[in-house]
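Peer 1: pasting a predicted model and its sequence here:
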Amino acid sequence: MAACNFFMPIFFIFTLFIQLLDGKFASNICNHDKPHNQFPFKVNSFCKNNQTMIKFKGYGELGVKSISNEPKKLTLFDPKDCVFQVFLNLDLDITPFRYYHLVKNYTYWNCPIGLSGSLEPVPCLSDRKHHVYVLDSSLDLSGSCEAVKTVLIPFSYCSYVSDDSFGLDLTWDSAGVMDFAEEKRVFGVESVVGGIGMVIMVLVILGLGCIKVYCWKKSRTNEHEWDKLIGDLETL
């Protein structure tokens, strides 16, 4: 009984630890989201102004419009209403995601003056001194413009795709997706937590083994005492 009293608190602490750990890294979904967003994996999400947001490392925050498993599609929106700034700076290679739509190489050009013709600058990236164009990489504006960056994105800019969520559809591999909880990797927390969990698990297993051995020995002792008592009674 003493062994049980000693190891049961350890088992309780281990269970509580796992529950707290799972809660710490679980995705935070806003109750006000419509339609309700249910992540099939853990993400670095939080509630902001009654809206579910995801923080992407190296970029910042994007809002969640919807998520579905069939098809596997996560639709985001940009709170800054500048989708082409997202395309320029969002690095999906360090996330479990990729663009849902087909992508190709497009180049961002920075021009000192506006270009004539049908080319349209991106309003949210342009001002009076800088006119930013996003064009198919086969087009060359190097005469008066400077190439900023070439990226794989779904489409080039035109005014009818200026919505804050157009093109911000992501998907993930059907074979599974790694957890996208950024906090787990900060300052090596994930490895520390994993090590603590392993130590506690080993203690629990050893404790259960000791309890089993203790109970077996106790049972053997009781059987011996019972046999002795029977023998004494027969002698009488």
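Peer 2: Okay, I see it. Numbers count the residues shown, from 1 in each chain.
Peer 1: I'd say residue 166 and residue 82 touch.
Peer 2: No - with contact defined as CB atoms under 8 Å, residue 166 and residue 82 do not form a contacting pair (11.6 Å). All C-beta spots, glycine's among them, are computed from the backbone N, C-alpha and C.
Peer 1: show me what the longest strand anywhere in the chain is packed against.
Peer 2: In the chain, with assignment by DSSP state E, the single longest strand is strand 60-69. Judged by 3 or more CB pairs under 8 Å, 6 or more residues apart in numbering; DSSP states H and E, strand 60-69 is in contact with strand 51-56, strand 72-77.
Peer 1: CSV for these, including distance to residue 122?
Peer 2: Listed next are the helices and strands packed on strand 60-69 as CSV, based on distance: least, CB to CB, whole Å:
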stretch, distance to residue 122
strand 51-56, 20
strand 72-77, 17
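Peer 1: ok, which of those comes nearest residue 103?
Peer 2: strand 72-77 (15.2 Å; CB to CB).
Peer 1: domain map for the protein?
Peer 2: Taking automatic domain parsing as the criterion, the chain consists of the domains 1-21+189-217, 43-180.
Peer 1: ok, of those domains, where does mean pLDDT dip lowest?
Peer 2: Mean pLDDT is lowest for domain 1-21+189-217 among the domains of the chain, at a mean of 57.
Peer 1: would you map the strands across this protein?
Peer 2: 45-48, 51-56, 60-69, 72-77, 97-99, 104-111, 131-136, 146-153, 169-172.
Peer 1: can you tell me which of these is nearest to residue 29?
Peer 2: Comparing the strands of the chain by CB to CB, strand 51-56 comes nearest, at 5.6 Å.
Peer 1: I'd say residue 55 and residue 63 touch.
Peer 2: No - checked against CB under 8 Å, the pair residue 55 and residue 63 is beyond contact range at 11.0 Å.
Peer 1: which one of those two is surrounded by more residues?
Peer 2: More neighbours surround residue 63 than the other of residue 55 and residue 63, with 20 against 16 (other CB atoms under 10 Å).
Peer 1: so what's that one up against?
Peer 2: Listed by CB atoms under 8 Å, 6 or more residues apart in numbering, the contact set of residue 63 reads 51-54, 76-79.
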